[in-house]
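1. My questions concern the predicted model and sequence given below.
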Amino acid sequence: MNFKDWATRVMLISLIFIALIVALLAGRATQLQNNTSNPAIASWSQYPNVHMRSPIKPSSAANPRKSLFKTTAAFTKYRPRYEIAWADPSNYGERYTKDVNGIKVNNLPIIVLHETSNSAQSAINFFQTPHTDENVQASYHAMIKLDGTVIYTVPPDKRAFGAANSVFDSANGSESVKTNLNLPPSVNNFAYHVSLETPPDGWTDTEPIHSGYTDAQYYSLAWLIAQSDVPDDRITTHRLVDRSGTRIDPRSFDGEKFLNLLHNFRQVSE
């Protein structure tokens, strides 16, 4: 092989390597751009502080904010059991900073209370099953079993599909965000969804009431929400936000009992 042929081959190999490097850098730049424009909202410190039990690190550290509430000695003494049963990624998504029309959204967080309508395990089985049909995708951020065990199913910085056609009526007006062209607007983009396991006598959801929830469930629910900065007037139920006319959960819920426990577990910061 003469020098000219050797030099030509070296040049071709060099060009191939350069092209590969350029392609890799372009791909990395696109990834960085996508991450930068990713619609996931950066900070969710106002939701229950369950990041410590989530594989996803909290992003709120970069955006520190003063907490509206502080937990009490009663909160510290109560420690419920917990389980982790992450939902399939098809059943939850990102939180968006803009709606489908490109309009920026900045709703303050709300907490929506639900019930499972069957056993907690049946809900876990459903959430962990991949669903390609957008009309059946569903999940909660957390569930509370009859014995008070807290089950984490969706990280709090993600958008759980807990309420379909829904609106939250606040002091600022009706709040809802449309993030999917094929589905009605909902509160999911700014909601943290918590569901209580339904007692066996309520597994048929044709009745408007059932025997109610256990004391352990009320304590664990209050303990979980006491970790959040969501004020009382932004804690609501699936029944109140639903606009489909089909949701009545959580049935037989004692709101006064829950709020008394919540106030025992957290106080307004000075």
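-> All right, it came through fine.
2. State the mean pLDDT of the helix or strand where Leu259 lies.
-> Leu259 belongs to helix 255-265 when assigned by DSSP states H and E. For helix 255-265, mean pLDDT is 98.
3. elements contacting the helix or strand that that helix is followed by?
-> Counting by DSSP H and E, the next helix or strand C-terminal to helix 255-265 is strand 266-268. Using 3 or more CB pairs under 8 Å, 6 or more residues apart in numbering; DSSP states H and E as the contact test, the elements touching strand 266-268 are strand 69-71. No exception for glycine: its C-beta is placed from N, CA and C like everyone else's.
4. Name the strands paired with the strand it packs on and say parallel or antiparallel.
-> Counting by DSSP bridges, the strands paired with strand 69-71 are strand 266-268 (antiparallel).
5. So His193 belongs to a strand, correct?
-> Yes. His193 forms part of a strand when assessed by DSSP: H, G, I helix; E, B strand; the rest coil.
6. which element is Arg95 on?
-> Judged by DSSP H and E, Arg95 forms part of no helix or strand.
7. pLDDT score for it?
-> 96.
8. That one and Ala222, how far apart?
-> Distance of Arg95 to Ala222, computed by CB to CB, to the nearest Å: 25 Å.
9. what do you get for His131?
-> His131 is 32 Å from Ala222, by CB to CB.
10. So these two - more neighbours on which side?
-> Ala222 (22 against 16; other CB atoms under 10 Å).
11. what about the more buried one, is that helix, strand or coil?
-> Assignment for Ala222 (three-state DSSP): helix.
12. how about Pro184, what does it touch?
-> Counting by CB atoms under 8 Å, 6 or more residues apart in numbering, Pro184 touches Ala164, Asn165, Lys178, Arg243.
13. between those, which has the most around it?
-> In these, the most neighbours by other CB under 10 Å go to Ala164, 20 neighbours.
14. Is it in contact with Pro185, as I believe?
-> No. Ala164 sits out of contact with Pro185 when judged by CB atoms under 8 Å, with a separation of 9.7 Å.
15. just to revisit the earlier point, for the helix holding Leu259, which helices and strands make contact with it?
-> helix 73-77, helix 215-225.
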